[in-house]
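1. need a 3D model of the sequence below.
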Amino acid sequence: MRSFFARCVWSTFCGVALLFVALGGALGTALRYAANLYFAERFGPNLPYATFVVNVIGSWALGFCSQVFAAKTIWGVPFALVVGTGVLGGFTTYSSFNLETLRMLQQGEVARAFAYASLTFVTCLALGALGIMLGARFIR
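-> Okay, the predicted model is just below:
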């Protein structure tokens, strides 16, 4: 049996996968925008809270979903692809994290940029591992 990716290259099946990933991405992007609005109103623009929170949640969710949805499909499309690449791909963002860190450095806030980058890296890595662990236990 050919893998999903091999089938995608050789058939029109890719169109269904592309549609599901795009719809998932739209949902993730809308959720990210809502998080931006919420955190900006709640905490102000001093720190990029929304980017930190969505990346932390997304790290946990991707780890969890990679375990729980590994064998699940929706109309033949791997559900992990829809959630991981689509929803969480639209929800999380490395590019915003990168830009916000660079802006802190440009403004001479080296300690703050280092703290933000370190906290994001360690927290996302830890939550990703926790998601994988909980997801593996969830499916047992």
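
2. and the contacts of stretch 43-61?
-> Residues outside stretch 43-61 that contact it (CB atoms under 8 Å, 6 or more residues apart in numbering) are 31-32, 35-36, 38-40, 42, 83, 88, 91-94, 96-97, 100, 116, 119-120, 123-125, 127-128, 130-131. From N, CA and C alone the C-beta is placed, and that goes for glycine too.

3. all strands for the protein, in order.
-> 73-74, 77-78 (DSSP state E).

4. nearest to Val21, out of these?
-> strand 77-78 (8.1 Å; CB to CB).

5. I'd say Leu130 and Gly63 touch.
-> Yes - if you go by CB atoms under 8 Å, Leu130 and Gly63 touch, sitting 6.9 Å apart.

6. which one's more surrounded, the two?
-> Gly63 (23 against 14; other CB atoms under 10 Å).

7. what's the pLDDT at that one?
-> pLDDT, Gly63: 88.

8. who's in contact with the closest residue to it other than its chain neighbours?
-> Nearest non-adjacent residue to Gly63, counting by CB to CB, 6 or more residues apart in numbering: Gly131, 2.6 Å away. The contact partners of Gly131, by CB under 8 Å, 6+ apart, come to 59-67.

9. now for the residues you listed: which two are most distant?
-> Ser59 and Gln67, at 13.6 Å, using CB to CB across those.

10. any idea how far Thr123 is from Ala113?
-> For Ala113, the distance to Thr123 (CB to CB, to the nearest Å) stands at 16 Å.

11. I meant to write Ile57 there.
-> For Ile57, the distance to Thr123 - CB to CB - is 10 Å.

12. repeat for Cys65
-> 18 Å.

13. those two: who's more crowded?
-> The neighbour comparison of Cys65 against Thr123 (other CB under 10 Å) goes to Cys65, with 21 against 16.
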